[in-house]
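> Based on what follows, work out the 3D shape:
(one chain, ligands or ions: 2)
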Amino acid sequence: MKLIHLFILATFFITPLIALTTDNRPSWRAVIVYDNNAGDPRLKTDWGFSCYLEGPEKTILFDCGGRGDILLSNLEKLGLSPQKIEVICLSHFHQDHVGGLEDFLIKNAQVEVWLPYFFPSDFKKAIVKKGARVIEVAKPAPIGHGLYTSGVIDGPIREQSLVLDTREGLVVITGCAHPGIVHILEEIKTSFPKKFYMVIGGFHLAGLPEIEIKKIVAEFRRLGIRKVGPTHCSGDAARRLFSEEYGLDYINPGLGREVIIQ
Ligand SMILES: [Zn+2]
Ligand SMILES: [Zn+2]
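Ligands and ions are numbered 1, 2, ... in the order given. Alright, predicted model coming up:
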């Protein structure tokens, strides 16, 4: 137990308002490596989400998909080495986002695992036992240069998102968006004093009536979001409606999709 505490750092005491840098903002390469929306035919499509992110300072994996064998095989086929990944950030404790972690840690345990503080203690202990470090997230905090956790966002299922500070504005990457995608963005807006640029990930809108989805699309415009990439649990209707509204600024982020963010 003592050993666990030694390795679990917490973000509880970090001030929620993030001071962003004004220059030297890095560019990022994001690749969707696990998704239930098919894309690159070399890769295995499966329910879940994982996004690989390469910046000038840190290489990170946001969520791990549901199955380790699929995650590792997709990474390999894309020529992305697990050994290069230094940080894993887990959005929320659902199998389709955390299931691939165990197998990943067998390949590379020299990582920091950033997770919401309320994750089950057995799960955290298993990570530490494999040799990785656990970082418990509560509030917004810097993970690396130009890279932040949104902090835990309240909702029926609490989760964290990733926030990149780029020259164009904030890029947000979401897991399932269980707290509500608009609620997540509103919360990020209060912690990060900068305009939005892009939102990619699961928006959790599958099964919602079109009239409700249209309201959410309008909220995205109101929030000033310039590019959008709904995937995973966003649902086909939401993907179509966002695509109609955003046109060339719609990113179709199926499996294997690479996005370069300047
Ligand atoms: Zn999910
Ligand atoms: Zn979920």
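
> Would you mind listing what in the stretch 51-200 of the chain touches ligand 1?
For the stretch 51-200 of the chain, the contact set with ligand 1 under C-beta under 5 Å from the ion comprises 96, 176. Just so you know, the C-beta spots here come from the backbone N, C-alpha and C atoms, and that holds for glycine as well.

> Mind jotting down where the helices sit in the stretch 51-200 of the chain?
68-77, 95-98, 101-107, 121-129, 181-191 (DSSP state H, counting those that start in this stretch).

> closest one to ligand 2 among these?
helix 95-98 (6.2 Å; C-beta to the ion).

> Just name whatever secondary elements the closest one is in contact with.
Contact here means 3 or more C-beta pairs under 8 Å, 6 or more residues apart in numbering; DSSP states H and E; on that basis helix 95-98 packs against strand 49-54.

> when you scan the strand it packs on, is anything in it near ligand 2?
No: shown here: strand 49-54 not in contact with ligand 2 (C-beta under 5 Å from the ion), separated by at least 8.8 Å.

> if I pick residue 86, what's in contact with it?
Neighbouring residues of residue 86 by C-beta atoms under 8 Å, 6 or more residues apart in numbering: 58, 59, 60, 110, 111, 112.

> tally of neighbours for the third one?
By other C-beta atoms under 10 Å, 23 other residues sit near residue 60.

> Which strand residues bridge the nearest residue to it once chain neighbours are set aside?
Spatial nearest neighbour of residue 60, excluding adjacent residues (C-beta to C-beta, 6 or more residues apart in numbering): residue 87 at 4.1 Å. With DSSP bridges applied, residue 87 shows beta-bridge pairing to residue 60, residue 112.

> quick one: contacts for residue 87?
Counting by C-beta under 8 Å, 6+ apart, residue 87 has contacts 58, 59, 60, 61, 111, 112, 113, 114, 143, 144.
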